[in-house]
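Engineer: I would like the atomic coordinates for the input below:
(2 chains)
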Amino acid sequence: MDHTTRRRLLRGASVAGLAGLAGCSGLVGGAAENTAGAAAGQIGSGRSPFGDRTIEGGTSMAEMPAMSGELTVYSGRGEPLVGEFVSFLEERYDDLTLRVRYNSAAELVNQLETEGSESPADAFFSVNAGSLGAVAEQGRTVELPEDVVELVPGEFSSPDDDWVGTSGRARSVPFNTESLSEADVPEDIFAFPDTEAFRGAIGCAPTYSSFQAFVTAMRVLNGEDRTREWLNAMLDLGLDTSYSDEFLVSQAVADGELDAGFANHYYIQRVLAGRPDAPVATAFTRNDAGAIFNVAGAAALDTAADGDLAANFVRHLLSAEAQDYFARETFEYPLVPEVEPIGRLPSVDELSPPEGLDLTELSDIEGTVELLRDVGAL
Amino acid sequence: MATRSRRGGEEDGFGVAATVTSGVVAALLLVPVAYLVAQAASVGLGASVAILTRPDTVQVLVNSVALVTVVTAASVAVGVPLAYLTVRTDLPYRRATTILVSLPLVVPSYIGAFAFVAAFGPRGALLRLLAPLGVERLPEIYGFGGAALVLALYTYPYVYITTRAALRALDARLVDAARTLGEGPVSAFRRVTWPRVRPAVAAGSLLVALYALADFGTPAIMQFDAFTRVIYVDFTAFRQNRAALLSLQLLAATLLILGLESMVRNDDPVYAGAGSRSGDRVRLGPWRWPAFVGALAVPVLALGVPLGVLLTWFVRESATAGGTLATGPGVVLNSVSVAAAAALVAVLVGVPVAYASATRDSRLAGLFERVSYLGYAVPGVVLGLALVYLGVNALGPVYPTIALLVVAYVVRFLPQAVGSVRAAVLQVDPALPEAARTLGRSSVGAFRSVTLPLVAPGVAGGAALVFLTTMKELPATLLLRPAGFSTLVTRVWTAHSDGYFGAAVVPALVLLVVSGLSMLVIISREGYDVR
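Structural biologist: Okay, the predicted model is just below:
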């Protein structure tokens, strides 16, 4: 990546702000014509139809200490999401070599545990809070510097500063704008079973990990019995459990096959990225399991050869450039509040995830799978 | 039929060397098992007993046994006739058919399972396609049926390849003689051919059975409660020691299968002779083309479904295809070179193990051969983590390197080479190398000039098996590959697991094409002497 590209990254118009506004007011359109603005070679180009934008807030990499040396990163986030950013860093810093080992987050946790104090890993980049919590529990993380953790609001890092969130995904309710309006979607997840508008027209992907995390959250927040009641009532309402992933749920809503569904917020944006005029929009519940907000995040490890470099890598994941990159690549929420999400989405402050929920508790899916089988959703 | 009177003793230096070699190999293979035992020990005795005897665990073990039985039977039912058709008859396009029929082996079964769910699932592509014709329901793909179907479709090539090697080594003149003496084709098969290929069928079946027992992905995706699902749950909940304990129970089941197979495999030798290719092929007559279509139906289903599904994903997601996932020649070269290295090492190590166990009446040699199956029967993730431990603590500088990765492949896939070679060695009449000894050859010389050429098809078959399965190996590759090292199948996995299904199409296609070409090379070489 050359200097022009980097400049292009920092240049732009306030298009995303407009797109964000359009999302909030439920207006459709205005986004598609910006597709042409996405320039080849730019970080994140090609997948976002929302085009270039200026990054006005946040902390630029230019204000962060330079990186040099060799760093081994265990990444539970896939190469399609991270690879380009890794190259970007390596090209920015001549003396930096990043060795990234990609695998699923759960396997990397097991690998870190097996390797123990001999691990070649310096930093861990994970797709969810549960895996980060597991590594922290093994005592393998080191406290991150204050200036790193301070880049995101307190709720997005662990209480002991073992790890910090780098991007977020919200549970959401995709709805078909031709059959429902936003007002038809209740703000309380427990009002869903009584919503006749959903009868026979709401669907989910029960084998999908994020749906299971949502049910797990309900079990943690509201107890096993209430969760079972809710599931049974939803099945009585005709909840369609035949989808294999939430992209398909979102597609089905956009196609009018369903009127509403359960999905991570970014799947709706991915549908819209392919079909900007699709009649699908996003609703959120408030302060309940239906509104959980999970984070991808990173930690510096106790086996790091150069602890400062490992922490500085985590710091760079919170740079304005990185935050913008994640928003672009995955339509996830940037966690640095000054960087806006991309897509027709409310800002992170406008979401109301449940209070007092420890995200690391969501790794306990075994009981959830049993419950789902028991009620006949699986 | 002659009883088994193989020459052992001091004059057979090569046999002794082979036994010693296989002992060393067996000892090395036991190291990961020892690690599992150590891990499992930390669970504690009381908790262990509770975990191993809870009704849930017992039930899933029973489920697994049922799955293994059906998958193995189906693989024999498909693999043996296909081998017979492509070797012994005048089926059209035999070489191309051979390659196609072998290829399902390179499809990682979890990809196959995902594809079958996507195609045949409740909202699958196939139902959408058939809906205008009034089809409203397809047979249930989830559960036992789906898991068995997918596993059988991607493992029958084990039986096919080992049986094919045995049929090729068979002296076709024996069959001709039987036919001359008035036996019908069916009777000739039963009385002449079958006894000679039975060890090979058994070897292939064993590979199928153990694969079905240890496979992680397929039962999970098919929502079938197999034993591995329980292990998987412990892994994702970061309870490695419990996963190790359950893996040991899986190994116990493996030992049971190995013991059963030892009892039924019946090594009474029926010697093949010179492996002549001069015999007449069976003429299929009017059945020639129907047989051809029938033979193609199986690989077309096994390969067509995943390719079709990947292509629909490709079309559906072309707007969001993962642009950073290039599948360059470097990735292809990585896949082919580690697979070739693993095949070579597995054959080098596997020939002595197979030879010793097939030619010597020693219990020890037989035991060493059985031990070679342990690495294969441990789920790949479990074995991978055991090697991670070993690599980090004992082999510092080689961890993580490609060399250790090749070791992992050999530990996992050695029995594929051993089984195939052993079946071939059993067909060699010991009188032949003995004659060579009488004529003044050393034992090594007799092996090289007489035995090896006769077992060459078995060696090639074993190499092909190791090569193809290494091409698709995923769990150990992900754990042990050095940073930045990608293979075709890790490319498929990466694209698929991040939801960029479209980006999985190119590496998946390249995987099939490259594997097909490699098969072509193996097939075109196997006719020659290997001296």
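
Engineer: State the distance from residue A:112 to residue A:145.
Structural biologist: Separation of residue A:112 from residue A:145 (C-beta to C-beta, to the nearest Å): 21 Å. All C-beta spots, glycine's among them, are computed from the backbone N, C-alpha and C.

Engineer: Look at these two and report which has more neighbours.
Structural biologist: Neighbour totals were compared for residue A:112 and residue A:145, and residue A:112 leads with 22 against 16 (other C-beta atoms under 10 Å in any protein chain shown).

Engineer: Check what pLDDT the more buried one gets.
Structural biologist: If you check residue A:112, the pLDDT there is 95.

Engineer: and the next element down the chain from the helix-or-strand element of chain B with minimal mean pLDDT?
Structural biologist: For chain B, the helix or strand with the lowest mean confidence is helix B:125-130, at a mean of 70 (criterion: mean pLDDT, DSSP states H and E). Elements were assigned by DSSP states H and E; along the chain past helix B:125-130, the next helix or strand is helix B:144-169.

Engineer: what about the next helix or strand after that next one, distance to the chain center?
Structural biologist: Elements were assigned by DSSP H and E; along the chain past helix B:144-169, the next helix or strand is helix B:172-180. Relative to the mean C-alpha coordinate of its chain, helix B:172-180 is positioned 31 Å out (C-alpha atoms, centre = their mean, to the nearest Å).

Engineer: Could I get the average pLDDT for the next helix or strand after helix B:172-180?
Structural biologist: Of the helices and strands lying after helix B:172-180 in sequence (DSSP H and E), the nearest is helix B:185-188. The predicted model assigns helix B:185-188 a mean pLDDT of 80.

Engineer: Tell me where the model's unsure across the stretch 51-200 of chain B.
Structural biologist: Along the stretch 51-200 of chain B, the parts satisfying pLDDT under 70 run over B:122-125, B:127, B:136-138.

Engineer: ditto for the stretch 51-200 of chain A
Structural biologist: Screening the stretch 51-200 of chain A residue by residue with the criterion pLDDT under 70, one finds the ranges A:51-56.

Engineer: Which stretches in it count as helices?
Structural biologist: All helices of the stretch 51-200 of chain A, identified by DSSP state H, counting those that start in this stretch, fall at A:79-92, A:105-115, A:129-137, A:146-149.

Engineer: between these, which one is nearest to chain B?
Structural biologist: helix A:79-92 (3.5 Å; C-beta to the nearest C-beta).

Engineer: Next, the buried residues of the closest one.
Structural biologist: Neighbour-count burial for helix A:79-92 flags A:79, A:80, A:81, A:82, A:83, A:84, A:85, A:86, A:88, A:89, A:92 (criterion: 16 or more other C-beta atoms under 10 Å in any protein chain shown).

Engineer: Show me the contact partners of stretch A:201-214.
Structural biologist: The contact list for stretch A:201-214 (C-beta atoms under 8 Å, 6 or more residues apart in numbering or on different chains) reads A:169, A:171, A:179, A:192, A:234, A:237-246, A:248-249, A:252-253, A:258-264, A:289-290, A:292, A:294, A:362, A:365, A:368-369, A:372, A:377-378, B:223.

Engineer: Which entries within those meet the buried criterion?
Structural biologist: Buried positions within the contacts of stretch A:201-214, assessed by neighbour count (16+ other C-beta under 10 Å), are A:169, A:171, A:192, A:234, A:237, A:239-241, A:243-246, A:248-249, A:252-253, A:258-264, A:289-290, A:292, A:294, A:362, A:365, A:368-369, A:372, A:377-378, B:223.

Engineer: Which members of those residues occur in helices, if any?
Structural biologist: Per DSSP state H, helices hold the following members of the buried ones among the contacts of stretch A:201-214: A:234, A:246, A:248, A:249, A:252, A:253, A:368, A:369, A:372.

Engineer: Point out the least confident one among these.
Structural biologist: For those, the weakest pLDDT value sits at residue A:369, with 79.

Engineer: hang on, isn't that residue packed against residue A:378?
Structural biologist: Yes. Taking C-beta atoms under 8 Å as the definition, residue A:369 is a contact partner of residue A:378 at 6.8 Å.

Engineer: Run through chain B and note the low-pLDDT ranges.
Structural biologist: Where chain B drops into low confidence, which here means pLDDT under 70, it does so at B:1-12, B:122-125, B:127, B:136-138, B:264-280, B:316-326, B:524-531.

Engineer: what residues does the stretch 251-378 of chain A put near chain B?
Structural biologist: Within the stretch 251-378 of chain A, the positions lying close to chain B (C-beta under 8 Å from any C-beta of the partner chain) are A:252, A:270, A:273, A:274, A:363, A:364, A:365, A:366, A:369, A:378.

Engineer: Just send the residues you listed back as TSV, with distance to residue B:289 too.
Structural biologist: Conversion of those to TSV gives the following (distance: C-beta to C-beta, whole Å):
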residue	distance to residue B:289
A:252	43
A:270	47
A:273	49
A:274	44
A:363	57
A:364	58
A:365	52
A:366	53
A:369	49
A:378	45
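
Engineer: and which of the residues you listed is nearest chain B?
Structural biologist: Relative to chain B, the closest of those is residue A:274; by C-beta to the nearest C-beta it sits at 4.0 Å.

Engineer: Now do the same for that closest one: its pLDDT.
Structural biologist: For residue A:274, the model assigns a pLDDT of 82.

Engineer: can you check residue A:339 too?
Structural biologist: At residue A:339, the predicted lDDT confidence score is 88.

Engineer: Report the contact partners of it.
Structural biologist: Under the criterion of C-beta under 8 Å, 6+ apart, the neighbours of residue A:339 are A:55, A:57, A:58, A:320, A:323, A:324, A:327.

Engineer: What sits closest to residue B:226 if chain neighbours are left out?
Structural biologist: The spatially closest residue to residue B:226, leaving aside those adjacent along the chain, is residue B:219, at 3.6 Å (C-beta to C-beta, 6 or more residues apart in numbering or on different chains).

Engineer: Which segments of chain A make up each domain?
Structural biologist: When chain A is parsed into structural domains using automatic domain parsing, the resulting residue ranges are A:61-168+A:294-350, A:169-292+A:353-375.

Engineer: Would you mind saying which of these lies nearest residue B:521?
Structural biologist: With C-beta to C-beta as the criterion, residue B:521 lies closest to domain A:61-168+A:294-350 of these, at 30.6 Å.

Engineer: Tell me the gap between that closest one and the middle of its chain.
Structural biologist: Here the centre of domain A:61-168+A:294-350 is set off from its chain's centre by 13 Å, with C-alpha atoms, centre = their mean.

Engineer: Equivalent analysis for stretch B:476-487, please.
Structural biologist: Taking C-alpha atoms, centre = their mean, one finds stretch B:476-487 lying 21 Å from the centre of the chain it belongs to.

Engineer: Kindly check the end-to-end length of that stretch for me.
Structural biologist: Taking C-alpha to C-alpha, to the nearest Å, the span from the opening residue of stretch B:476-487 to its closing residue is 12 Å.

Engineer: Residue B:105 is in contact with residue B:154, isn't it?
Structural biologist: Yes. Under the contact definition of C-beta under 8 Å, residue B:105 touches residue B:154, with a separation of 6.9 Å.

Engineer: re earlier: which of the ones in helices among the buried ones among the contacts of stretch A:201-214 lies at the shortest distance from residue B:261?
Structural biologist: For residue B:261, the closest of those turns out to be residue A:369, at 34.4 Å, with distances computed as C-beta to C-beta.

Engineer: Next one: the closest one relative to residue B:254, how far apart?
Structural biologist: As defined by C-beta to C-beta, residue A:369 lies at a distance of 27 Å from residue B:254.

Engineer: more neighbours, residue B:105 and residue B:154?
Structural biologist: The neighbour count for residue B:105 versus residue B:154, taken as other C-beta under 10 Å, is higher for residue B:154 (29 against 25).
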